[in-house]
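Fold the following, please.
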Amino acid sequence: MTTVLAPVEGVTVGLSAVPDPVFSAGMVGPGTAIDPARGPGTAVAPITGKIMKLHPHAYVIVGDDGKGVLVHLGIDTVQLKGKGFELLAAEGDRVCAGQPVVAWDPAAIEAGGRSPVCPVVALDARAGSVTAMAGGSVHAGDELFLWD
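Numbers count the residues shown, from 1 in each chain. Model (predicted):
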């Protein structure tokens, strides 16, 4: 059983509320999404593992059990080409759950006309394997969901 932590502070909204059909339809995998608190903040590692992919707007961490979790900071934020994001770790780094990975400002993302909602996805997870979804407000580092 893998415990996936909330990478950012905010309110859980579920993947169906993500304004991008790839996430809202669950095509990337099951999980949830967080409408982040506005203002400068830090996105943390949702699990302990190795950073396999790190872009300013998104990252994938794979645990020792082979499970990968994608954190996507906002929607269409790839178009910002890194502007407004500061990397606090590097691709290939080993990180502990709760360790800072990216600094960003959801309010600035929103001011630029993009959704700051953050999908948190269990990559390649089978249907029904993600349970105990947190509801309501979460802080970075709180338990978000379980993945068996």
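
Now G14: closest residue in space that isn't a chain neighbour?
Using C-beta to C-beta, 6 or more residues apart in numbering and skipping residues adjacent in sequence, the residue nearest G14 is T32, 5.6 Å away. Using the backbone N, CA and C atoms, a C-beta is placed for each residue, glycine as well.

A108 versus that neighbour, what's the distance?
According to C-beta to C-beta, to the nearest Å, T32 stands 23 Å off from A108.

what about these two, which has more around it?
Between T32 and A108, T32 has the larger neighbour count (other C-beta atoms under 10 Å), namely 25 against 18.

Work out for me the element that one sits within.
Assessed by DSSP states H and E, T32 sits inside strand 31-36.

Could you check how sure the model is about that strand, as an average pLDDT?
Mean pLDDT, computed over strand 31-36, is 97.

In the sheet, which strands lie alongside the helix or strand following it, parallel or antiparallel?
Using DSSP H and E, the helix or strand that follows strand 31-36 in sequence is strand 41-44. Strand 41-44 has these partner strands in its sheet, going by DSSP bridges: strand 100-104 (antiparallel).

Which residue would you name as the spatial centre of this protein?
Nearest to the centroid of the C-alpha atoms of the chain, with distances taken as C-alpha atoms, centre = their mean, sits V71, at 2.5 Å.

where exactly do the strands run in the protein?
Remark: strands assigned in the chain by DSSP state E are 2-5, 10-12, 31-36, 41-44, 49-55, 58-62, 68-72, 85-87, 94-95, 100-104, 118-123, 130-131, 137-138, 143-147.

Quick check: bridge partners of the residue nearest to the centre of the chain?
Y59, V120.

Would you quantify the distance from it to H57?
Relative to H57, V71 is positioned 10 Å away (C-beta to C-beta).

pLDDT wise, what is the closest residue to L123 other than its chain neighbours at?
Spatial nearest neighbour of L123, excluding adjacent residues (C-beta to C-beta, 6+ apart): G68 at 4.1 Å. You'll see G68 listed with a pLDDT of 98.
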